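Enquirer: kindly generate the corresponding structure for this input.
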Amino acid sequence: MRYFKLTIAYDGTNFHGWQFQNNKPTIQGEIVSVLRRLTQEKIQLYGAGRTDAGVHALGQVGSFRTQSALSTAEFQRALNALLPSEIRIIGAEETGPDFNARWSAKGKVYRYRIYRGKVVPPFLWRYVLHYPFPLDEEAMRDAAARFVGTHDFTSFAASTGSEDDDKERNMTREIFSTELKRSEDGEELWFTVHGQSFLRYMVRKMVGTLLDVGRGKLTPGDVDALYEMKDRSKSGPTVPPQGLFMVSVDHGDG
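Expert: Prediction:
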């Protein structure tokens, strides 16, 4: 048996997220379909994270095992030839049996892009949230710094739809670093967050909260209070998915 790691970039606009769904196009589903065609095996593909519908990736990681004799270069070339153009395999390598894209991950980096100019260029609208109105960016930076550390992120995550399940979930997450800065051309505001793992919609709720701070609806200190409240209705809105990118996954020496 041989073990492979794929590094994957994709435009998530036309897909229903990463995870396989019956009768709906997903990133995982498209890649598995091609891998099964190439190997004639019932391939299982594991992803480092489950990006939601409309979310993009610069460096998602997937892993699978196979008895195929194809080389890493052959897998990469064949996958890119057969996958939709919105999905590219930007790296392929052979690993050992202990590597798993999900369970071996030690952290992930996400970035959310907010376009601050008056008019969004037509080739950018799929990848940014447009917000041209005034924002107190210094207050937002203060608030962003308060996400760092180990906290209960109940106020910044989507509900499962079940009160019982919500009560049983571990909502504690560790954030290693955050950064809020302008892009090089000054037209965009980028929120980049590096954490061990993330709850569903967590980054998008964090960004919505930062926007509320920038608008003056919340103060930076309210972030600390939100940890104690454990009430998602008190934090900012869940911003749209198109501005969110999975930038990279940490696997150590895995």
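Enquirer: what about the strands in the chain?
Expert: Using DSSP state E, the strands of the chain run over 2-10, 46-47, 56-66, 87-95, 107-115, 129-130, 149-152, 172-182, 188-195, 244-250.
Enquirer: turn those into a markdown table, including mean neighbour count.
Expert: Every C-beta, even on glycine, is put in place using the N, C-alpha and C of the backbone. As requested, the strands of the chain are exported to a markdown table (neighbours: other Cβ atoms under 10 Å):
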| stretch | mean neighbour count |
| --- | --- |
| strand 2-10 | 21 |
| strand 46-47 | 20 |
| strand 56-66 | 22 |
| strand 87-95 | 16 |
| strand 107-115 | 22 |
| strand 129-130 | 20 |
| strand 149-152 | 14 |
| strand 172-182 | 16 |
| strand 188-195 | 21 |
| strand 244-250 | 22 |
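Enquirer: need the contact list for the closest residue to T51 other than its chain neighbours.
Expert: Nearest residue to T51 in three dimensions, chain neighbours excluded: W18, at 4.6 Å (Cβ to Cβ, 6 or more residues apart in numbering). Contact partners of W18, counting by Cβ atoms under 8 Å, 6 or more residues apart in numbering, are T26, I27, Q28, G47, G49, R50, T51, D52, Q60.
Enquirer: just list whatever residues bridge to L129.
Expert: Beta bridges link L129 to I114, judged by DSSP bridges.
Enquirer: that one and Y112 touch, don't they?
Expert: Yes: with contact defined as Cβ atoms under 8 Å, L129 counts as touching Y112 (7.4 Å).
Enquirer: spit out the residues that contact the two alike.
Expert: V207, V239, G243.
Enquirer: dump the contacts of W18 to TSV, plus pLDDT and distance to K5.
Expert: Listed next are the contacts of W18 as TSV, based on pLDDT from 0 to 100; distance: Cβ to Cβ, whole Å:
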residue	pLDDT	distance to K5
T26	97	20
I27	98	16
Q28	98	15
G47	96	11
G49	93	15
R50	93	18
T51	95	18
D52	95	23
Q60	98	11
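Enquirer: which one of those residues is nearest to G91?
Expert: Nearest to G91, judged by Cβ to Cβ, of the contacts of W18 is Q60 at 10.8 Å.
Enquirer: beta-bridge partners for the closest one, please?
Expert: I8.
Enquirer: what is the burial count for V120?
Expert: 16 (other Cβ atoms under 10 Å).
Enquirer: state the distance from the closest residue to it other than its chain neighbours to M202.
Expert: Ranked by Cβ to Cβ, 6+ apart and with sequence neighbours excluded, the top spatial neighbour of V120 is H130, at 4.9 Å. According to Cβ to Cβ, to the nearest Å, H130 stands 22 Å off from M202.
Enquirer: swap in D250?
Expert: D250 is 17 Å from M202, by Cβ to Cβ.
Enquirer: send me stretch 196-207 as PDB with only the CA atoms.
Expert: This file holds the C-alpha atoms of stretch 196-207, laid out as PDB (Å, rounded to 0.1, in the frame of the first residue of the first chain):
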ATOM      1  CA  GLN A 196      -5.200  24.800  16.000                       C
ATOM      2  CA  SER A 197      -8.700  24.100  14.700                       C
ATOM      3  CA  PHE A 198     -11.900  26.000  14.000                       C
ATOM      4  CA  LEU A 199     -15.600  25.600  14.600                       C
ATOM      5  CA  ARG A 200     -18.100  25.900  11.800                       C
ATOM      6  CA  TYR A 201     -18.500  29.600  10.700                       C
ATOM      7  CA  MET A 202     -16.100  30.600  13.400                       C
ATOM      8  CA  VAL A 203     -13.800  32.800  11.200                       C
ATOM      9  CA  ARG A 204     -16.800  34.300   9.500                       C
ATOM     10  CA  LYS A 205     -18.400  35.200  12.800                       C
ATOM     11  CA  MET A 206     -15.100  36.600  14.000                       C
ATOM     12  CA  VAL A 207     -14.900  38.900  10.900                       C
END
